[in-house]
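[1] coordinates for the following, if possible.
(chains A and B)
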Amino acid sequence: MNRLSRVLTLAGNTVREAVRNKVLYTLVFFAVALIGTGVLLSTLSYVEEERILQDVGLAAIRLFGVAIAIFVGVGLIHREVDRRTIYTILSKPVSRAEFLLGKYLGLVATLWLQLAIMALAFVAVSLLAGAPLGAGHAAAIGLIAVELALMVAIATLFSAFTTPMLASLFTTGIFLVGALSRDLRDLGLHSSSHGVRQVLMALYHVLPDLESFNLTIQAVHGLPIQPYEVWLPALYAAAYAGVVLLLAVVIFERRDFR
Amino acid sequence: MSHDAQEVVRIEGLVKDFRPGFGLRPRRVLHGIGFGVRQGEIFGFVGPNGAGKTTTLKILMGLIHPTAGVARILGHDVRESEFRRHVGFLPENPWFYDFLTGREFLRFYARLCDVSSDAREARIDALLAQVGLSAAGEARLRTYSKGMLQRIGIAQALVHDPSVVFLDEPMSGLDPIGRKEIRDLILRLRQEGKTVFMNTHILSDVELLCDRVAIIVKGEIRYEGSTDDFLAGGERETELVLAQVPPALATLLEQRLGARLRGLGDRIEARVAEKHVSEALREALAAGAEVVSVVPHRVSLESIFLSAVEAGNR
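    Numbering: from 1, shown residues only, chains lettered A, B, ... in the order given. Take a look at the predicted model:
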């Protein structure tokens, strides 16, 4: 119970820091503004105005969510070490694993809070434009939340051992390749070279399959979404994030804070 | 508790190597040091910059892993974390979450140390009063001066009522009144039965506060023992001010008794080792000189400390 209480205390403090940081408000403001511009973009088309509006809205939520996850996540641990705030925390009965998990959960909670603001803006814009809203939209936004939690875990891993600059490069790289990992798999399956196939399939299995969290098309076009299309990616993300965080803890445990 | 009741901290054969970068040879900063801190004492860990004081303290706080050797606090290996509910720590030049108010800041650390919610607020009130920050408890830390940050830092080190407190340069950034207050606070901690480990370079504080000291130079312990014994280890001197000194007396004092002479107008000041004072006075009176003053000097910790450092550099 004590361990959980300490992790939650650290997470709560991370949320409080983000809430009092004005830079994040600016990012959320831009995201909401971009969701709003969907209205403008949809007027450029004579057909499927509502779909374009929601397509742009969900894409804005996803991209700004990932941008904030990387922007804040890569400095999550480095900032604590650089400002030496970690010294007094680890001198208390707080293990390094608890510290890392507390920071991670705090950032995930912060991102979900911001995601909720962006989702509200999306709902408001959809209602104003008379676009349909349903369970598909909720599922799509829910999986964006899951994807963000996974991206924060990856950013935390890099933040545990390298500088924010390198960590943001690595995390952005993994996001971009992860979004294309199914293409890597298809390329591997159709490759005539055994070596190339092995390498591409290995990359597909190691890198996160981020496309599995993207239900935008189904939501916007009102296509049916099966329950497994939600819980399977959620389970996959939980397992992937768990392994990544475990690796982060192993690396973090070995570090010297000079 | 499994530890020896007399010893709160025990370090044995502690070695630390730092690797400057990939492929580069490691640099050894601690060469198998060892010392112990007894329960209820104020222990001064003293050394010049780069001697290994902060590295040792960081190993004790679990921030750095030792390359070899043993470091224990209250009988526990410093790699453990649960026993730290009995340990308080103030780092050098502390930097805290400046978006928190003083009260929120102490509440955060109290929660990390599992201080019960019933006792928490009363403890925070008492600590804010103790470090003179009652009026600033609702202000954010970013508005605090350096001295106020040092004092709130000491409050966070004590928020869970630890039995052993580690302070890294606790007087840093404080004005004379602030230093006096912190000195009094440290003495009060000893009266309460707490053990204080103080990393400092201000030798007057060591003389005033510490029961025992360890001197570290270039990653090696040069001395460990009581401050009084350490001070007694140096040779005491007496300052004689003489008037109407004939040249032959000056020569005798300097060459036979090893005195250091300095002209003061028509007088001279002679610094004589304690064992030669009687003979020097006899010779001065016999030569017809006038004895103006006789002032015994205790050798300062600083001069002994500098001797230890110079010995380490040779």
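[2] show me what counts as buried in the host helix or strand of A:Leu100.
    Element membership for A:Leu100, per DSSP states H and E: helix A:96-129. Buried residues in helix A:96-129, counted by 16 or more other Cβ atoms under 10 Å in any protein chain shown: A:96-112, A:114-115, A:118-119, A:121-123, A:125-126, A:129. The way it works is simple: take the backbone N, C-alpha and C, and place the C-beta from them, glycine included.
[3] same question, stretch B:197-212
    Under 16+ other Cβ under 10 Å, the buried positions of stretch B:197-212 are B:197-203, B:205-207, B:209-212.
[4] touching chain B at all, the least confident helix or strand in chain A by mean pLDDT?
    Least confident helix or strand, chain A: helix A:22-42 with a mean of 73, by mean pLDDT, DSSP states H and E. No: Helix A:22-42 is not in contact with chain B by Cβ under 8 Å from any Cβ of the partner chain; minimum separation 10.7 Å.
[5] roughly how far is that helix from the heart of the chain?
    Its chain's C-alpha centre and that of helix A:22-42 lie 18 Å apart, by Cα atoms, centre = their mean, to the nearest Å.
[6] wait, does stretch A:108-116 contact chain B?
    No: against chain B, stretch A:108-116 shows no contacts by Cβ under 8 Å from any Cβ, the least distance being 13.4 Å.
[7] please work out the average pLDDT along that stretch.
    Averaging pLDDT along stretch A:108-116 yields 92.
[8] how far is that stretch from where the chain is centred?
    The chain centroid and the centroid of stretch A:108-116 are separated by 10 Å under Cα atoms, centre = their mean.
[9] coming back round to it: the helix holding A:Leu100 to helix A:22-42, inter-axis angle?
    For helix A:96-129 against helix A:22-42, the angle by axes from the mean of the first three to the mean of the last three Cα atoms, to 10 degrees is 30 degrees.
[10] the inter-axis angle of the very next helix or strand once past helix A:96-129 versus helix A:96-129?
    Once helix A:96-129 ends, the next helix or strand along the chain (criterion: DSSP H and E) is helix A:135-159. For helix A:135-159 against helix A:96-129, the angle by the same axes, to 10 degrees is 150 degrees.
[11] return the list of helices and strands in contact with the helix or strand just after helix A:135-159.
    Reading on from helix A:135-159 to the C-terminus, the next helix or strand found by DSSP H and E is helix A:164-179. Counting contacts by 3 or more Cβ pairs under 8 Å, 6 or more residues apart in numbering or on different chains; DSSP states H and E, helix A:164-179 is packed against helix A:49-73, helix A:76-82, helix A:135-159.
[12] who touches the following helix or strand past helix A:164-179?
    Once the chain leaves helix A:164-179, the next helix or strand it forms, by DSSP H and E, is helix A:181-189. Helix A:181-189 is contacted from outside by A:177, A:196-201, A:203-204, A:207-211, using Cβ atoms under 8 Å, 6 or more residues apart in numbering or on different chains.
[13] circling back: and the buried residues of stretch B:197-212 near chain A, which?
    Taking Cβ under 8 Å from any Cβ as the test, chain A is in contact with none of the buried residues of stretch B:197-212.
[14] which two among those are spaced furthest apart?
    B:His201 and B:Asp211 (18.5 Å; Cβ to Cβ).
[15] for B:Phe166, pull up the helix or strand it's in.
    strand B:164-168.
[16] do I have it right that A:Ile117 meets A:Ile35?
    No: here A:Ile117 does not reach A:Ile35: they are 10.4 Å apart, not a contact under Cβ atoms under 8 Å.
[17] want to throw the buried residues of stretch B:197-212 into CSV with secondary structure and pLDDT?
    Shown next, in CSV, are those (DSSP: H, G, I helix; E, B strand; the rest coil; pLDDT from 0 to 100):
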residue, secondary structure, pLDDT
B:Phe197, strand, 96
B:Met198, strand, 94
B:Asn199, strand, 92
B:Thr200, strand, 87
B:His201, coil, 79
B:Ile202, coil, 79
B:Leu203, helix, 78
B:Asp205, helix, 84
B:Val206, helix, 86
B:Glu207, helix, 83
B:Leu209, helix, 92
B:Cys210, coil, 94
B:Asp211, coil, 94
B:Arg212, strand, 94
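[18] return the member of those residues nearest to chain A.
    Nearest to chain A among the buried residues of stretch B:197-212 is B:Phe197, at 12.1 Å by Cβ to the nearest Cβ.
[19] so what sits opposite that closest one in the bridge?
    Counting by DSSP bridges, B:Phe197 is bridged to B:Phe43, B:Phe166.
[20] check contacts around it.
    With contact set as Cβ under 8 Å, 6+ apart, B:Phe197 has these partners: B:9, B:37, B:43, B:45, B:57, B:60, B:164-167.
[21] do A:Asp209 as well
    By Cβ under 8 Å, 6+ apart, the residues touching A:Asp209 are A:178, A:181-182, A:236.
[22] ok, which pair from those residues is furthest apart?
    A:Arg182 and A:Tyr236 (13.3 Å).
[23] what's the distance between the nearest residue to B:Ala155 once chain neighbours are set aside and B:Glu138?
    Leaving aside its sequence neighbours, B:Ala155 sits nearest to B:Leu127 (Cβ to Cβ, 6 or more residues apart in numbering or on different chains; 4.3 Å). Per Cβ to Cβ, to the nearest Å, B:Leu127 is found 15 Å from B:Glu138.
[24] strands along the stretch 51-200 of chain B, start to end?
    B:68-73, B:76-77, B:87-90, B:164-168, B:195-200 (DSSP state E, counting those that start in this stretch).
[25] for chain A, what are the nearby residues on chain B?
    Contact residues, chain B versus chain A (Cβ under 8 Å from any Cβ): B:18, B:58, B:61-65, B:81-85, B:87-91, B:93-97, B:99-100, B:108-109, B:111-114, B:153, B:156-157, B:160, B:166.
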